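Trainee: Fold the following, please.
(chains A, B and C)
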Amino acid sequence: MKNAAIHLENLSISYGKTPVVFDVNFSVSEGESFALVGESGSGKSTILKAISGLAPDWTGKISVLGKPRGHAPDREFAKVCQMVFQDPYGSLHPRKTVDDCLAEPLAVHGIGGRDTRVKDMLDAVGLDQRFRFRFPHQLSGGQRQRVAIARALMLEPRVMLLDEPTSALDVSVQAEILNLLKKLRREQGLTYLMVTHNLPVVSFLCDRMAVMRHGRVVEIAEVDALKTGRLSDPYSRELYAASGGTLQPA
Amino acid sequence: MSAPLLEIENLTVTFPTSRGPVDVVKGISFSLGRERLGIVGESGSGKSMTGRSILRLIRKPGRVTADRMTFDGIDLLSQSERQMRELRGARISMVMQDPKFSLNPVMTIGEQIGEALLTHKKLPRSELKARVLSMLEAVRINEPERVANLYPHEVSGGMGQRVMIAMMLIPEPDLLIADEPTSALDVSVQAQVLDIIDDLVTGKGMGLILISHDLNLVSRYCDRILVMNSGEIVESCKASDLHKATHPYTRGLLAAMPRMNEDRDELPVLDRSTWTTGAGT
Amino acid sequence: MIDWLLDDSPTSRLQANMGRAWRVWTALLRNPLAVVGALIVLVLVVMAIFAPLIAPYSPVGQDLANRLMPPSAEHWMGTDELGRDIYSRVVYGARITLLIVTMVAVIAAPIGLVVGAVSGYFGGWVDRVLMGVTDIFLSMPKLILALAFVAALGPGIENAIIAIAITAWPVYARIARAETITFRDSEFISAVRLQGASATRVILRHVLPLCASSTIVRVTLDMAGIILTAAGLGFLGLGAQPPLPEWGAMISRGRNFILDQWWVATMPGFAIILVSLGFCFLGDGLRDVLDPKQGEKQ
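Mentor: Next up, the predicted model:
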């Protein structure tokens, strides 16, 4: 698999002495949008953390765009892969303006032309220029999440790790953010690895998905199998029923 | 139909801010019989404030006014704080979002449920214990004896929420207000918890106010639905008629939700400018 | 101007930061005790800057004919055993007091902040070593420790400042560490790390600004203690040396006449109490404004 954006082989992750993810194998090809689905404690977010370097305690193999990953965040990796977090209230520094937040990755990597880059990025994520010098507490949840997405895109990465990017948002705001993520992926040819517990969101945004339970992948399926309800593993079916039941019978 | 259990007319909740008072609930009216009413809205819509103001739980700088707010013939507005304390729990109960913050960490689950009953009724010890265990059974906890001796941090979120429900229902109130009772829980556990609430409420002929941001969930578990947006009720309909909703906000919310079999390339986005004033928190 | 400060959509970094500062300031003004505290501190600063204009006499000029005069129209606070005007000495003493508190704050706060932030951010053995050192300093009584240092370094105002700073930083290290630990694993710190920022950069640019406000509050509240320690050292003859008009040293000299000429010791004592109180009020007010978490508990 040469053109795999993310490739995991026999990945096991633990927090201290507690193992949380066991022997996970999958790969995401470039340009694909892949979902990790499961309930809390299934280890889905931990996989994102291991890839990004925030959960350093793992064995097995992780490679991103053909390069093997180390166990900590590093500068070169930062340029190709970035992460968007779940909680828009916790992922922005409370004392820094939107401008500081977006210019920071450029400053870290010594990239010039910050002023125009920040302005362009605000346009790209659909934020008005008047938000540029606001503090996070002056923004709504959806606007914060746009800032977080903009921050992740500042270094022009090719792979994005999305950790429940819409689960803390209202339905109507969720729709805006999902549309934005879809648009950005189309325009910039991004690869998404998204963690979520919301199956309809997978149906809207993803091409394939892996269902996780108790730290193991129980099924990898095409999104069509989800749309038509043809999942094979009993747990995936249970999950499907639990969230499918909440759908409108119409 | 007999006289309604709860009648509310022109309820307004006001909070002072540095830029003058802000109404978070703007003169809403509704009544409730022994039925299941769902209040749906997004964050900042005032749905939680509505639930709290029924129990007079709005903290001080906030002010509650209403032309009429009666519960089973009792005027809630004129009750003293002491009389309200007797009402709370005994006749009107509330289940909150996160069991972690609502349970006392240094008391066992059995003690807490017993305490909830004892504050309203004097009972001998043996009978109290039996009541607690049967209540735990009623919320489908398998080994009530063992669970009664656990501390809150030793149980899962779903079980914690079931314990909360047991605590709230053991004094056999007439009205249960459930404010986002399942949004901290996994989808598969959500259904279990709501089924339990549903069984107990319909079984005992209580009234239920289910407050949630999730339209589908509310439409499944309620008879009637109120949709709130920035402090006002924009839509009131039978749960089964939700898909016939007329207000653009309700329609917008329904359309904005991704479906399991999603074929739309883009989700329709609410055009808020048509009916909101843009006051955000 | 106020509209510009309170603009919800600032157009520059400067405006955004000024707006924030303005909001803190107006919130502070709503607290009457904080205003009183700020006024006292302001008076201290003004007195220190314009001491030669405010003081009617020289602080060191002796007038043996007028020894130990009680307070009067010529000598508002009376005179001391060498006939020096106590009011003038108190005014000039403001300079010394201000010098001591500022220097101590400038030396101790950054050391404490950095030690605490590094300790909290890295955890593990770094934390254990740094906190071990901090605990050793914390376990010794401040004045005794300062005494030991002054004894080793020799008496004098510079050495007093160094000694007090050495005893003051561990508290800030503790605070900074506790704060750092609360948000070390938060998502906004993770986000900066994922952008490839070095640990130094994360600590200096992202962690320290968040510890700063609680440290500022703590430093302000500690000012009273610093003034008292300085006065204590002066009283024991190990701080500022005569004829410098240091308040603690003045009390010390007045002790001999405390029964008959009460004003000699009392006047600088009042000054110490008043300024300590001022810093306490200001610190409490600042805490309510900068550190809402703690304020709510009251």
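Trainee: Would you mind listing the residues in contact with residue A:142?
Mentor: A:88, A:169-170, A:173, A:176-177 (CB atoms under 8 Å, 6 or more residues apart in numbering or on different chains). C-beta coordinates here come from the backbone N, C-alpha and C atoms, glycine included.
Trainee: Skip the chain neighbours and tell me the closest residue to it.
Mentor: Excluding the flanking residues, the one nearest residue A:142 by CB to CB, 6 or more residues apart in numbering or on different chains is residue A:173, at 3.7 Å.
Trainee: since we're on the residue in the stretch 51-200 of chain C that chain B sits nearest to, how many residues are nearby?
Mentor: Nearest residue of the stretch 51-200 of chain C to chain B, counting by CB to the nearest CB: residue C:182, 17.8 Å away. If you count neighbours by other CB atoms under 10 Å in any protein chain shown, residue C:182 ends up with 11.
Trainee: By neighbours, which of the contacts of residue A:142 wins?
Mentor: residue A:88 (27 neighbours).
Trainee: Okay, it and residue A:165: tell me how far apart.
Mentor: Separation of residue A:88 from residue A:165 (CB to CB, to the nearest Å): 9 Å.
Trainee: The residue nearest in space to the middle of chain A: helix or strand, and which one exactly?
Mentor: For chain A, residue A:162 is the residue whose C-alpha lies nearest the centre (CA atoms, centre = their mean; 0.8 Å). Element membership for residue A:162 (DSSP states H and E) is strand A:159-163.
Trainee: outside of that strand, which residues touch it?
Mentor: For strand A:159-163, contacts defined as CB under 8 Å, 6+ apart pick out A:5-6, A:45, A:48, A:51-52, A:64-65, A:80-86, A:152-153, A:181, A:190-195.
Trainee: If we use 6 Å, what do you get?
Mentor: A:5, A:45, A:48, A:52, A:81-86, A:190-195 (CB atoms under 6 Å, 6 or more residues apart in numbering or on different chains).
Trainee: Which ones among those residues lie within strands?
Mentor: Applying DSSP state E to these, the entries found in strands are A:5, A:81-84, A:191-195.
Trainee: lowest confidence element among the helices and strands of chain B?
Mentor: Lowest on mean pLDDT, DSSP states H and E among the helices and strands of chain B sits helix B:99-102, with a mean of 72.
Trainee: what comes up buried for the helix or strand just after that one?
Mentor: On the C-terminal side of helix B:99-102, the nearest following helix or strand under DSSP H and E is helix B:109-118. Across helix B:109-118, burial judged by 16 or more other CB atoms under 10 Å in any protein chain shown covers B:109-114, B:116-117.
Trainee: which one of those residues is nearest chain A?
Mentor: Distances from chain A to these, taken by CB to the nearest CB, are shortest for residue B:109, at 21.2 Å.
Trainee: and the closest one, what does it touch?
Mentor: B:147-148, B:150, B:163 are the contacts of residue B:109 under CB under 6 Å, 6+ apart.
Trainee: in the longest helix seen in chain A, what's buried?
Mentor: In chain A, taking DSSP state H as the definition, the longest helix is helix A:171-188. Across helix A:171-188, burial judged by 16+ other CB under 10 Å covers A:171-182, A:184-185.
Trainee: Take the residues you listed and write them to CSV, including pLDDT.
Mentor: What follows is the buried residues of helix A:171-188, written out as CSV (pLDDT from 0 to 100):
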residue, pLDDT
A:171, 86
A:172, 85
A:173, 88
A:174, 90
A:175, 91
A:176, 90
A:177, 92
A:178, 93
A:179, 93
A:180, 93
A:181, 94
A:182, 94
A:184, 93
A:185, 93
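Trainee: Residues of the stretch 151-298 of chain C that sit close to chain B?
Mentor: Contacts of the stretch 151-298 of chain C with chain B, taken as CB under 6 Å from any CB of the partner chain, are absent.
Trainee: Where do the helices of the stretch 151-298 of chain C begin and end?
Mentor: With DSSP state H, counting those that start in this stretch as the criterion, the stretch 151-298 of chain C has helices at C:157-184, C:187-194, C:199-201, C:208-235, C:247-254, C:263-290, C:292-295.
Trainee: Would you format these as JSON lines with mean pLDDT and distance to chain A included?
Mentor: Listed next are those as JSON lines, based on pLDDT from 0 to 100; distance: least, CB to the nearest CB, whole Å:
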{"stretch": "helix C:157-184", "mean pLDDT": "90", "distance to chain A": "9"}
{"stretch": "helix C:187-194", "mean pLDDT": "92", "distance to chain A": "4"}
{"stretch": "helix C:199-201", "mean pLDDT": "92", "distance to chain A": "7"}
{"stretch": "helix C:208-235", "mean pLDDT": "85", "distance to chain A": "5"}
{"stretch": "helix C:247-254", "mean pLDDT": "83", "distance to chain A": "37"}
{"stretch": "helix C:263-290", "mean pLDDT": "87", "distance to chain A": "11"}
{"stretch": "helix C:292-295", "mean pLDDT": "46", "distance to chain A": "12"}
